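> A predicted structure for the sequence below; I have some questions about it.
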Amino acid sequence: MQNATSPTPLQQLHLDIDHRVGSIRENRPDWQCGKGCDHCCRRLAEVPQLTAAEWALLQEGLAALTADHLQEISQKISALADQPSRPIVCPLLDQTNGACPVYLQRPVACRSYGFYVQRDLGLYCHDIESLVAEGKLADVVWGNHDAIDQRLIGLGESRPLTEWFASSAFVER
């Protein structure tokens, strides 16, 4: 049983990611990822995958949005089913101001992108990839995304955002 003062596994994962991100930002104050940069949100290779725990948290953020905003998100999610081409734009992104309306409840993939890499793959955004190729980020100690993936396995079933959303109360029936 979870103690009231002990973080849940998802909260602990968020804390660990925040620690790594904070360390990178502290050592690299010029880091590209931050408020005002939405490049990764506009160039997704796939519809985001979320575990059950991530979806439960995301629902809290969605529930705080206005009905009009939820309707707009619902329309964007529905449109993804008919969009075979990639990249895709995150359906949660407010494209007018480049901000995430559920930033505090965002999935792990969004929290770790740009700060974590897989051992065999870079998976950086194009801007970071260019700096890596130029040798400008040689001193960065990246987070290990393979380890995050292992921790996500314990957070319940994983499904695309579109499937979670379609089965939720947010969709007009």
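Noted; the coordinates are in hand.

> ok, and for stretch 68-85, which residues are buried?
70, 73-74, 76-77, 80 (16 or more other CB atoms under 10 Å). For every residue, glycine as well, the C-beta is placed using N, CA and C.

> and what of stretch 46-58?
Quick answer for stretch 46-58 (16+ other CB under 10 Å): 47-51, 53-58.

> Just list the residues touching the nearest residue to Gly143 once chain neighbours are set aside, thanks.
Closest residue to Gly143 apart from its sequence neighbours, by CB to CB, 6 or more residues apart in numbering: Tyr116 at 3.6 Å. Tyr116 makes contact with 17, 20, 142-145, 148 under the criterion CB atoms under 8 Å, 6 or more residues apart in numbering.

> so can I have CSV of the residues you listed showing pLDDT?
Below are the contacts of Tyr116 laid out as CSV (pLDDT from 0 to 100):
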residue, pLDDT
Ile17, 94
Arg20, 92
Trp142, 84
Gly143, 86
Asn144, 87
His145, 87
Ile148, 92
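
> out of the residues you listed, which are buried?
Buried among the contacts of Tyr116 (16+ other CB under 10 Å): 17, 20, 142-143, 145, 148.

> quick one, strands of this protein?
Under the criterion DSSP state E, the chain contains strands at 49-51, 116-117, 143-144, 158-160.

> Make JSON lines from these and add distance to Lys35 to it.
Converted to JSON lines, the strands of the chain look like this (distance: least, CB to CB, whole Å):
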{"stretch": "strand 49-51", "distance to Lys35": "23"}
{"stretch": "strand 116-117", "distance to Lys35": "19"}
{"stretch": "strand 143-144", "distance to Lys35": "20"}
{"stretch": "strand 158-160", "distance to Lys35": "27"}
